[in-house]
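**Q** Here is a sequence with its predicted model. Questions after.
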Amino acid sequence: MRAKIIAILVCVAITFGVTCVAISVLTSSHSSNPPSASPPHIEARGTVAWVYDGDTITIDLTWVDQPREGITVGKRESIRFSGGIDAPELEDTGGYEAKNHVSELCTSGIEVSLDLDDESYMNSGTPYRDHYGRIVAVIYVNENGRWINVNADVLRWGQQTYPNHDWLKYAWMHTEFDYHEWLRSDYPYLR
């Protein structure tokens, strides 16, 4: 069981000054994997057709929150992980393992939710896409009521399992997402 103490300072104004009282509130979680506090930002959804490798999947797009240039419901799309992530190529050490790791979360037919990278056009000239024409996004899956950021999950797994690979090879590219947030110990969208 995981517990944390939240210290709350309560200040009470008194006629001749201010008195501060510290109150500790004990909160606990009955599971090591509680449901996410709130849903992530979602702009599109689709069902997984297949996992191409450790940083690209193919989906059938089923929903978009508003009309977006070049993004059409009913179309099959390749989705490239945003946030600067680069998994090993399949022929390199860790490549198939990274693909299998993503496949555990993004099984064929499962619904995935996307937070489109609004700044990826700077790399391609086309909104939400990279120079290969793939949609660039953060991919989320909902596993038993818990939202999981697949990009963050594979990044953390990869850095731990294959530390000699440059998992952030594309961190220099323009993106609206900050991978530093995904590496924080209190990041909520993890398995």
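**A** All right, it came through fine. Bear in mind the structure is a predicted one, so any value in this text is a computation, not a measurement. Residues are numbered from 1 along each chain as shown.

**Q** which residue is nearest the middle of the protein?
**A** Taking C-alpha atoms, centre = their mean as the criterion, residue 149 is the residue nearest the geometric centre of the chain, at 2.8 Å.

**Q** Verify the contact between that residue and residue 39 for me.
**A** No. With contacts counted by C-beta atoms under 8 Å, residue 149 stays clear of residue 39, the gap being 11.8 Å. (Glycine included, C-beta is placed from N, CA and C.)

**Q** about what we covered before: which ones are touching the residue lying closest to the residue nearest to the centre of the chain once chain neighbours are set aside?
**A** Of all residues not flanking residue 149 in the chain, residue 189 sits nearest, at 4.0 Å (C-beta to C-beta, 6 or more residues apart in numbering). If a contact means C-beta atoms under 8 Å, 6 or more residues apart in numbering, then residue 189 has 36, 40, 140, 147-149, 152 as its contacts.

**Q** same thing with residue 51?
**A** So residue 51 contacts 57-58, 99, 102-103, 106 (C-beta under 8 Å, 6+ apart).

**Q** Would you mind measuring from it to residue 151?
**A** Distance, residue 51 to residue 151, using C-beta to C-beta, to the nearest Å: 13 Å.

**Q** Over to residue 69?
**A** 23 Å.

**Q** What of residue 136?
**A** Residue 136 is 10 Å from residue 151, by C-beta to C-beta.

**Q** joint contacts of these two?
**A** Counting by C-beta under 8 Å, 6+ apart, the residues touching both residue 136 and residue 151 are 81-82.

**Q** Provide a list of residue ranges in this structure with pLDDT below threshold.
**A** 1-37 (pLDDT under 70).

**Q** Do you have the strands of it handy? List them.
**A** 2-14, 17-29, 44-53, 56-64, 76-81, 111-116, 135-143, 146-149 (DSSP state E).

**Q** count of neighbours near residue 72?
**A** Residue 72 sits with 10 neighbouring residues when counted by other C-beta atoms under 10 Å.

**Q** need the contact list for it.
**A** Contacts of residue 72 (C-beta under 8 Å, 6+ apart): residue 61.

**Q** ok, it to residue 166 distance?
**A** For residue 72, the distance to residue 166 (C-beta to C-beta) stands at 34 Å.

**Q** isn't residue 106 right up against residue 148?
**A** No. In this structure residue 106 lies outside contact range of residue 148 using C-beta under 8 Å: 10.1 Å.

**Q** Quickly list what's touching both of those two.
**A** Common neighbours of residue 106 and residue 148 (criterion: C-beta under 8 Å, 6+ apart): residue 141.

**Q** More neighbours: which of those two?
**A** residue 106 (22 against 19).

**Q** That one: what's it in contact with?
**A** Neighbours of residue 106 in contact, by C-beta under 8 Å, 6+ apart: 48, 51, 57, 112, 139, 141, 150.

**Q** redo that, cut-off 7 Å
**A** 48, 51, 57, 112, 141, 150 (C-beta atoms under 7 Å, 6 or more residues apart in numbering).

**Q** Thanks a lot, catch you later.
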